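Q: A predicted structure for the sequence below; I have some questions about it.
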Amino acid sequence: MSVEVCRLSHLAPQSAQRFMVGSTAVAIVRTPDGVFALEDRCSHADVALSEGEVVDCSIECWLHGSAFDLTTGEPQSPPAVSPVAVYRVTLSEDQDPAVLIEVTTEGDPA
């Protein structure tokens, strides 16, 4: 099931924004390579990744500096060692595309 979280025009380039999809906090990240969605919780310190810095195709946790790959959720630097969930993103074909996140009925990653 896909859920619309926002319109593409609501996302600033090279930045992240937090959205709630059901009871799950999701960081939506817009880069020149596309739009990505991942769990908005660092696997090391339980802080919001959406408050971190977006660099290339990764997002860096603001607290301890762990960077996570936007496509896989895998940590690219310590202290995090566990990945975060990633969610499939599609864009509608409207003039201002809707950002749709693929979720299961339980809110788990697709």
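A: Received it, and whenever you're ready, just let me know what you need.
Q: start and end of stretch 69-82, how far apart?
A: 12 Å (C-alpha to C-alpha, to the nearest Å).
Q: got the buried residues for that stretch?
A: Buried residues in stretch 69-82, defined by neighbour count with 16 or more other C-beta atoms under 10 Å: 69-70, 73, 75, 80. C-beta here means a position set from N, CA and C on the backbone, and glycine is covered the same way.
Q: show me the two of these that sit farthest apart.
A: The most widely separated members of the buried residues of stretch 69-82, counting by C-beta to C-beta, are 70 and 80 (14.3 Å).
Q: please list the members of the buried residues of stretch 69-82 that lie in strands.
A: Members of the buried residues of stretch 69-82 lying in strands (criterion: DSSP state E): residue 69.
Q: relative to residue 6, which of the buried residues of stretch 69-82 is nearest.
A: residue 70 (16.9 Å).
Q: relative to residue 9, how far out is the closest one?
A: Applying C-beta to C-beta, to the nearest Å, the value for residue 70 to residue 9 is 20 Å.
Q: quick one on the thing from earlier: now the buried residues of stretch 69-82 in CSV, with pLDDT?
A: Listed next are those as CSV, based on pLDDT from 0 to 100:
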residue, pLDDT
69, 98
70, 98
73, 98
75, 98
80, 97
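Q: out of the buried residues of stretch 69-82, who's nearest residue 92?
A: Checking the buried residues of stretch 69-82 one by one against residue 92 (C-beta to C-beta), the nearest turns out to be residue 70, at 20.6 Å.
Q: and the strands in this structure?
A: Using DSSP E, strands in the chain cover 2-7, 15-21, 24-31, 34-39, 53-55, 58-60, 67-69, 86-87, 89-91, 98-102.
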